[in-house]
Each structure stands twice: as C-alpha cells, then as structure tokens.
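[1] Return a 3D structure for these sequence lines:
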Amino acid sequence: MAEALKSPPEGRVTLRNVGWEIYERLLEEDPGRSVPRFFYDRGVLEIVSPSFEHEAIADVIASLVVELAVELGIDVAPARSTTFKREDLSRGFEPDASFYFSEKITQVRGKRRISLDAGDPPPDLVVEVDITSPSASKLPIYARLGVAEVWRHDGDRLTILGLRRDDEAEHYAEITESAFLAPARVSGESLTRFIEEGLTSGRPGWTRSVREWARELHGE
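    Numbering: from 1, shown residues only. Okay, the predicted model is just below:
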C-alpha cells in the first residue's frame, strides 16, 4: 500500500511502497498530459506539479539550448518531458526538458515513441528546475539510466553536472562547461545570465542576443 509523506508548496507529493505496476498504470491513465510529472525510484514515487515560475525557467532554458545549438551548427533533437523508464532498473523520470545530440539523434529521430526497455537510448541532456526542493534525490535516477549531462537550476543559478563513473558507480560532478555545446565554451555562469535576461526581457530581443552570443562563441 502506498504511504503519502508530504506535499510541499510547489505541488510535490512523495509516495513510498509503490509497485511498478501502479506506476505504469498512472502513466497510462493520461499519456498525453504535460503535468503532473512522475519520478520513480525502486518503489518511491514523486509526483510534481510545477509552478508558473518553474515552467517559465524551464521554457527559457529549453529555448536557450536550441538557439545555441542551431547557431553553433550542432544538431539537436528536443524530447521535452518525455517519459523515460526502465523496468529492469525500476526507475523512471519525466524531466522539465531533455535533448539528444550527435549519434543518438539517428537512433530516435522520426520515432513516435521512445522506449528504454526496447533499447532506445536515454537523452544526452536533461534540464531540471528545482525551486522549492533540491534535485539531489533525482540525480541517482538520471545517473542510473545513463543521462550524460544535467543542467540544474535552483531558481537563482544554473549548474552544469557531468556524469562520472568510479568503481562501477555513477554520480554527477559539477563541470564548468557543457560537453554537448563544445568546442564553444558555454559555462554555467554565462547561461545563468542569459536565463535571467530571458525571464525579464521580450523574447524577440532576447533571442537576438542569444544568437549574437552564439556567433561570438563560434568565432573563438
């Protein structure tokens, strides 16, 4: 039987002792929904209903990734808040935004459905916005499913986290620049500045600024 723990301000409910079958049933009840989002880790289910601020930050970051990639000549395939899950690992997540780059794009482009259980790859980059609660509890899920890079925003600052494997264990460590936007030197500090501008400026002017910045990076 599932045991409810708490319901924090942003709309987060954590349930324990949730079987995989119940988790999948919840996903199947409304496959076209954008909210709430579900995170599952070996019997622990977190249900998140994002706030307006949360969604606004996620939208700006997602736009930033695409604009930078296009201007830098890097192919990118957005996967938004797709459900990623693996029954054999008993884990699953629905990120604020997600992206495929490089060779993984050829494995998923044109597909109507992504299934990690069927051998499809996890996204290369996941965006995680956590304003009211730290995302540390979700990082092990991303790591175990093989997400190479996480951009985490806490409402004030964006941190870039890269996946590391030590003694067969996966964990994240903060890195100064995104590996997927290389060779351009795209740092968390610079991204934070453009995210702040994107939240307070008109989108046309902001987009032009991002593109100009990307062209400057491309010319380095």
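
[2] In terms of pLDDT, where does Arg165 sit?
    Looking at Arg165, its pLDDT stands at 88.

[3] Tell me how far it lies from Ala143.
    Distance, Arg165 to Ala143, using Cβ to Cβ, to the nearest Å: 9 Å. Heads up, the C-betas are built off the backbone N, CA and C, glycines and all.

[4] what does Arg112 give?
    For Arg112 relative to Ala143 (Cβ to Cβ), the value is 28 Å.

[5] Neighbour count for these two, which is higher?
    More crowded of Arg112 and Ala143, by other Cβ atoms under 10 Å: Ala143, with 20 against 4.

[6] Look up phi and psi at that one.
    phi -60, psi -50 (degrees, to the nearest 10).

[7] Hmm, it is touching Tyr172, no?
    Yes. The criterion here is Cβ atoms under 8 Å, and Ala143 meets it with Tyr172 at 6.2 Å.

[8] Common neighbours of the two, please.
    Leu163 (Cβ atoms under 8 Å, 6 or more residues apart in numbering).

[9] which regions of the chain sit below the pLDDT cut-off?
    1-9, 134-135, 220 (pLDDT under 70).

[10] What segments of it are helices?
    20-29, 52-71, 102-108, 139-145, 188-200, 203-218 (DSSP state H).

[11] Reformat those helices into TSV and put distance to Asp117 next to each item.
    As requested, those are exported to TSV (distance: least, Cβ to Cβ, whole Å):
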stretch	distance to Asp117
helix 20-29	11
helix 52-71	26
helix 102-108	14
helix 139-145	11
helix 188-200	33
helix 203-218	36
